[in-house]
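Participant: generate a structure from the sequence data that follows.
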Amino acid sequence: MKDFTYHNPVRMFCGEGRLPEVLEEIERHGSKVLIVLGGESFVRNGNYAPFIAALDRAGIEHLEMRGNRVPSLAAARRGIDLCRREHVDCVLDIGGGVCMDLAKTIAFGARQSRDIWEYLTQAAKPDTMDHLPMGTIPTFPSSGSDMDGSTQITDDETGRQAGLWGVYPDFTWLNPAYIDSLSASALAQGQITTFVQVSIAYLGLERSGVAEAMALSLMTSILDNLRRLMRSPGDREIRTELMVLSALNVSGLTTLGKEGDWSLYPLEGIAQNACGVDYRQAITVLFPYWLRQCYGGQQVFRDYFSRVFAVACDGKDDETILSEGLRAIFDLYREFSLPVSFREITDEPGDPRALRDAIRMVGEQRSMYTTFTPERIETMMREAIAGPAR
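Facilitator: I've put the predicted structure just below:
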């Protein structure tokens, strides 16, 4: 186990009846809040009006940024300008991972002197790691950005992605009533995204019994609760469990004393740009094909297949173990009606020129296990487009 320092400053409020405490948390930081919203479902399903009424009763003024479905650099710049111009005290996300990343970036950028892209690309050092107070209210539990310190923002003009590290929300409110409108199939897509992210953390070359036990517990709980949800789609207790599992997945518990291999994250950005898919689709579909490229018979992969998918490894060669492990992942996806290739999502995935342009933008990527040259990236992407061999 590596030496480590663990710190996660996010205060979690979990449960339907926590609005008074959330309002108190906002009021601790000031009386003017910028709300960063995703789609319109939170408004249409009747949750937004009571929340705004509660803000009004508390004397908290609010500004809005609606319709944030992609982590747009232009939107981040607009939000930063709005915070500065209107002297906003607190930034609040209501949405999924896109809104969370935007809210964190806006809160951070409002305290900096230069354009936010310079900090996202590490062209400039931050003036301060301090940021405007901010909170998250997830309406699509998936990425875990509600308790994570990182962001991913996309340059609208070039498609290039960059992000921040160490910018944590001050608080998050996990309200299961706010995900009542999500179908079981939509929750499955989000939770398998969580499962993949925990898997990536598990698959680090360093060993840490504590971190691996945390990761295994989270993965087991995700699958157990998802299977229960398929039988009882409206069960709020199950939905609460899934919200907590999503929030914890990148909270640092699965990397205590070790590091995961994060090379999949820039690679999934290629899929977003070239195949026209969103983050959840990109990372889940690409995961088994990325794993195939990384696998070299290392013990951690054998342990992963054995402990998570009950693949019997004794007496088998590496190629057989890999084949059976990947088949188990594809079977898991099919169990929850999730795509195993980009061709299942879009009719025309991966135009060759767009694919090569996206690969060139990302460039060669180093992993703990291998080096992803442009040629290997293209091979992996084409396998993910075509799907597993029958």
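Participant: any idea where the helices of the stretch 51-200 of the chain begin and end?
Facilitator: With helices called from DSSP state H, counting those that start in this stretch, the stretch 51-200 of the chain shows them at 73-86, 97-109, 116-120, 184-202.
Participant: next, format those as CSV and append mean neighbour count.
Facilitator: (C-beta placed from N, C-alpha, C; glycine too.) Below are these laid out as CSV (neighbours: other C-beta atoms under 10 Å):
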stretch, mean neighbour count
helix 73-86, 18
helix 97-109, 29
helix 116-120, 20
helix 184-202, 23
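Participant: of these, give the one that comes closest to V167.
Facilitator: With C-beta to C-beta as the measure, helix 97-109 is the member of these nearest V167 (4.8 Å).
Participant: so what does that closest one touch, helix or strand wise?
Facilitator: Applying 3 or more C-beta pairs under 8 Å, 6 or more residues apart in numbering; DSSP states H and E, one finds that helix 97-109 makes contact with strand 32-37, helix 73-86, strand 90-95, helix 116-120, strand 134-138, strand 153-154.
Participant: let me see the mean pLDDT of the second one.
Facilitator: In this model, helix 73-86 has an average pLDDT of 98.
Participant: ok so, going back, for the helices of the stretch 51-200 of the chain, give me TSV that also has distance to T254.
Facilitator: Formatted as TSV, those follow (distance: least, C-beta to C-beta, whole Å):
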stretch	distance to T254
helix 73-86	28
helix 97-109	17
helix 116-120	25
helix 184-202	4
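Participant: of all those helices, which lies closest to F330?
Facilitator: Closest of these to F330 is helix 184-202, at 12.0 Å (criterion: C-beta to C-beta).
Participant: where in the stretch 1-150 of the chain is pLDDT low?
Facilitator: Within the stretch 1-150 of the chain, the set of residues satisfying pLDDT under 70 is empty.
Participant: now do the lengthiest helix in the chain: distance to the chain's middle.
Facilitator: Longest helix of the chain, by residue count under DSSP state H: helix 209-231. Distance of helix 209-231 from the chain centroid (C-alpha atoms, centre = their mean, to the nearest Å) equals 17 Å.
Participant: hang on, the earlier thing: closest one to E16 among the helices and strands packed on helix 97-109?
Facilitator: strand 134-138 (12.3 Å).
Participant: adjacent strands (with direction) for that closest one?
Facilitator: Sheet pairing here is set by DSSP bridges, and for strand 134-138 it gives strand 90-95 (parallel), strand 171-174 (parallel).
Participant: contact partners of it?
Facilitator: Here strand 134-138 makes contact (C-beta atoms under 8 Å, 6 or more residues apart in numbering) with 22, 25-26, 90-96, 99-100, 103-104, 106-107, 145-146, 169-175, 178-179, 243, 246-247.
Participant: for the residue sitting furthest away from the middle of the chain, give its distance to I321.
Facilitator: The C-alpha centroid of the chain is most remote from G315, which lies 37.0 Å away (C-alpha atoms, centre = their mean). From G315 across to I321, the span is 10 Å (C-beta to C-beta, to the nearest Å).
Participant: again with S232
Facilitator: 35 Å.
Participant: try P349
Facilitator: For P349, the distance to I321 - C-beta to C-beta - is 29 Å.
Participant: between these two, who's got more neighbours?
Facilitator: Using other C-beta atoms under 10 Å as the criterion, P349 and I321 rank with P349 on top: 23 against 20.
Participant: roughly how far does the more buried one sit from D146?
Facilitator: Distance from P349 to D146, by C-beta to C-beta: 30 Å.
Participant: now the strands for the stretch 251-390 of the chain?
Facilitator: 365-366, 371-372 (DSSP state E, counting those that start in this stretch).
Participant: hey, which of those is tucked in deepest?
Facilitator: Between these, strand 371-372 has the highest mean count of neighbours, a mean of 18, where neighbours are mean count of other C-beta atoms under 10 Å.
Participant: three-state assignment of the residue lying closest to S232 once chain neighbours are set aside?
Facilitator: Sequence neighbours aside, I238 is the residue nearest to S232 in space, at 6.6 Å (criterion: C-beta to C-beta, 6 or more residues apart in numbering). Look at I238: counting by DSSP: H, G, I helix; E, B strand; the rest coil, its state is helix.
Participant: residue contacts, the closest residue to I153 other than its chain neighbours?
Facilitator: Nearest in space to I153, with sequence neighbours left out and distances taken as C-beta to C-beta, 6+ apart, is P71 at 5.0 Å. P71 is in contact with 98, 101-102, 105, 151-154, counting by C-beta under 8 Å, 6+ apart.
Participant: what's the average pLDDT for the helix or strand where M243 lies?
Facilitator: Per DSSP states H and E: M243 is located in helix 236-248. For helix 236-248, the mean per-residue pLDDT is 96.
Participant: show me what it is packed against.
Facilitator: Contacts defined by 3+ C-beta pairs under 8 Å, 6+ apart place helix 236-248 against strand 11-14, strand 134-138, strand 171-174, helix 184-202, helix 209-231.
Participant: the ones you listed: which one's closest to C275?
Facilitator: helix 184-202 (16.0 Å).
Participant: what angle do strand 134-138 and that closest one make with each other?
Facilitator: Interaxial angle, helix 184-202 versus strand 134-138 (axes from the mean of the first three to the mean of the last three C-alpha atoms, to 10 degrees): 130 degrees.
Participant: alright, that wraps it up for me.
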